[in-house]
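[1] build the 3D model from these lines:
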Amino acid sequence: MKFAKQLALRSIPSWAPYYLDYKSLKHFIKSSFKDVAEPLGSLESADDEHAPHADPVNGETDQNVEPVLDQVKESPESQEAIMDSDSQSPAVPIIQKTLVDVDHDDKGLASGVHSKSTDDPEREASISLIVEGFKALLWAELEKVNARYEAQERVAGVTMERLNAAWRANFTPAELKQWRAELTVLILNLEYLLEFSQTNITGFKKIIKKFDKQYRGCHSPGEPASSADSSIHFGEQGHNIGSPQNGSNQETLTYLGTSVDSEAAGPLSMFNALGIHGRGTPTIYLPSSYPEPAASLHPQESFIRHVHSPNSHHKSLFYHNYYGGVSALCVEFWKMVTEKTFAKSEKDERLLAQARTLWRKRTPVVPEMTSPLSLNVDPKDYPVWDDLDLESLPSGRLTRLWVVLAEDAMSTPIRVPVIVAKGVRPGPVVGLTAALHGNELNGIPLTHRLVLQEIQCKALHGIVVAVPVANVPGYLAQQRGFSDGTDLNRLMPGKKDGTTSQVYSYNLMTRIIRHFTHLIDLHTASKGRVNSLYVRANMQNPTTRHMARLQNPQIIVHNTSPDGSLRGAAMQEYNIPAITVEIGDPSRFQKRFVKSAILGVTNILSHLKMIEDDHEVQDYDPVVCAKSYWIFTKGGGILNVLPDVNTWVRKGELIATLHNIFGMEEHRYFAPEDGIVVGKSVDPVCQSGCRILHLGVVSDRYPEGKINDGHL
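    Numbers count the residues shown, from 1 in each chain. Next comes the predicted model:
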């Protein structure tokens, strides 16, 4: 996956001109080193995340170990910083160590490419010019990003002070509405500012690594490098930066820290000594079961170190000395980044926390109402309503009830279960719908755990409405569709005077959905298929875009929603921001997927100021796809789909084979372009036109107009 494409998709559209110009810097590196030396591998390799990788939800590798090791070697910086939820500051950066042996006689440097001699003074002068040129461009980009950050940070600080000073307990309703509107804008801008800084920090780290990789290609392993190319190594009693080797006269910087056997020493102390504290710099925590490589690049040093992630009890392993040492030139460039305000200031985080606290503190308390229903009631005796009247429900309480949507042939009401958590202060109304397809079950335990365990009504601002089963007839029949076999997610908003399923859909929209201010529609894969944990959302809509990112999925797919879907009808009919969350596989409960999805939902509630600010930071960065589509078979037979979900495939790569019933191969299917596997078929019995896999495609822009993923 090219980082430049992801950067374009993740950028805040209105702030786009102020982001790092990653493409220009990459072009400079490529063109400058083209005639100087053979690079240490293609420029694209540092961005390439197509290799199979560990499943961030299940903690299992997608395929065998070797591709995983290769991926960690190629792009260790692609991981996000892991922050413990109780920590007030990010973990310090850790240098990784390559996970493979390097045969210097056959492969040259760690990338495995021979480089040219550095004896030519003219060539050395050219390299020096390239270094200075890159430094000037890097500085210009840093100044652009930093100027935008500092300006927005100043405005946010002044606005916060003004809103604090302007508060009066005797506000008129109109004045209170205006004050809260300004605070809402401030919170949104601070969230943008935080996202802006983190994205740019990642971009600068990647482009510096890319330059460093090409710069190293200018020196063969046996030659002494200049002082600018000295590397960071760790000695027995201290941490030497650019330590002289073989009698060379390299410049040496030494930090005398504790012994390398101490958990607090090594790269942690070294980076602190250099003052390199960039926020968001990746700290890689690997599971304790991760395979140990055969050998170290530095046999005299400990290869694996046991550490504890900050403020937690998760014991992990980390690997240090990436590429056998980071060049001092790379450290110099990185210090340029970390000295900038956007990389070291935490004022934006403090202001955001203060603004969210202020919102909750200044929200008037709703008079508590008593519940007309005893808490210990048989489910059959829960009240049955024809419409969801949220105003009449008691505040600070959890209420269970039924809402009638239709009648069956015995004149018995078809009613759906509804659980309402109503807070003691006003706020948004967030609705969660599950099992709109009757056999897609993972959303059911999510709604139960969220409203019954995670939410405290006495501290809730607003209302959370959970519909554990939206398609009751389909759920009872253990099938995807309604009782007449139709797909309810293609009939919305339904018809008042239509077929049975159309009337049911219409009443679901008008009696329940229309009361929401935000909608999270929970789904899974269909029968015979498996899914990653992914979100479908209109990424050109600022609200749904932010909801999708907060959900912390493995993959985000830009999708304007197909006609007839619940998500599309909610947005079109009632202007309700809505996303679809696909949570794994059908007809089963998957606890790990459910747990991850719950964290995402609570992030959205926190963002809406409904619950305490308790954002969970994902330990992986979601892949954002500009589009996606299904690949279908041309004939029937026995289908075998090869790649796993949440793995990358290259254009032309074999993705599936089709055999006839006599065991002879009839057809091979190849990836039409580079992409990530969002979902796939696992049913070997295949007819003509069956689905093979759902391919997500990364681009540097979202396509215009209506975008559908082929679910129709």
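
[2] what secondary structure does residue 149 sit in?
    The three-state label for residue 149, taken from DSSP: H, G, I helix; E, B strand; the rest coil, comes out as helix.

[3] so it sits against residue 194, correct?
    No - at 10.2 Å, residue 149 does not count as touching residue 194 under the criterion of Cβ atoms under 8 Å. Where C-beta positions appear, they are placed from N, C-alpha and C, glycine not excepted.

[4] what about residue 542, neighbour count?
    Residues within reach of residue 542, counting by other Cβ atoms under 10 Å, total 15.

[5] then residue 26?
    Neighbours of residue 26 (other Cβ under 10 Å): 21.

[6] cool, residue 130 as well?
    For residue 130, using other Cβ under 10 Å, the count is 20.

[7] ok, now which ones touch it?
    Applying Cβ atoms under 8 Å, 6 or more residues apart in numbering, one finds that residue 130 lies in contact with 32, 33, 36, 215.

[8] quick one: buried ones out of the residues you listed?
    Among the contacts of residue 130, those classed as buried by 16 or more other Cβ atoms under 10 Å are 32, 33, 36, 215.

[9] quickly list the domain ranges of this structure.
    Following automatic domain parsing, one finds the domains of the chain at 3-359, 363-371+380-624, 626-697.

[10] lowest-confidence stretch among those?
    Of all the domains of the chain, the minimum mean pLDDT falls on domain 3-359 (a mean of 60).

[11] would you reformat the buried ones among the contacts of residue 130 as TSV and include secondary structure?
    As requested, these are exported to TSV (three-state DSSP):
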residue	secondary structure
32	helix
33	helix
36	coil
215	helix
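
[12] specify which member of the residues you listed is nearest to residue 452.
    If you rank the buried ones among the contacts of residue 130 by distance to residue 452 using Cβ to Cβ, residue 215 comes first, at 56.7 Å.

[13] in which helix or strand would I find the nearest residue to that closest one once chain neighbours are set aside?
    Nearest non-adjacent residue to residue 215, counting by Cβ to Cβ, 6 or more residues apart in numbering: residue 329, 6.5 Å away. In the assignment (DSSP states H and E), residue 329 maps to helix 328-338.

[14] put the alpha carbons of that helix into CSV.
    Extracted in CSV, the C-alpha atoms of helix 328-338 (Å, rounded to 0.1, in the frame of the first residue of the first chain):
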residue,chain,number,x,y,z
ALA,A,328,23.2,9.8,12.5
LEU,A,329,21.9,11.7,9.5
CYS,A,330,18.5,10.1,10.0
VAL,A,331,18.6,11.1,13.7
GLU,A,332,19.5,14.7,12.7
PHE,A,333,16.5,14.9,10.3
TRP,A,334,14.2,13.3,12.9
LYS,A,335,15.4,15.9,15.5
MET,A,336,14.3,18.6,13.1
VAL,A,337,10.8,17.1,13.2
THR,A,338,10.6,16.6,16.9
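
[15] alpha carbons of the helix or strand following it, as PDB, please.
    Toward the C-terminal end, the helix or strand that comes next after helix 328-338 (DSSP H and E) is helix 341-344. Below are the C-alpha coordinates for helix 341-344, written out as PDB (Å, rounded to 0.1, in the frame of the first residue of the first chain):
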ATOM      1  CA  THR A 341       5.600  22.500  18.000                       C
ATOM      2  CA  PHE A 342       3.200  20.100  16.200                       C
ATOM      3  CA  ALA A 343       5.400  17.100  17.100                       C
ATOM      4  CA  LYS A 344       6.100  17.900  20.800                       C
END
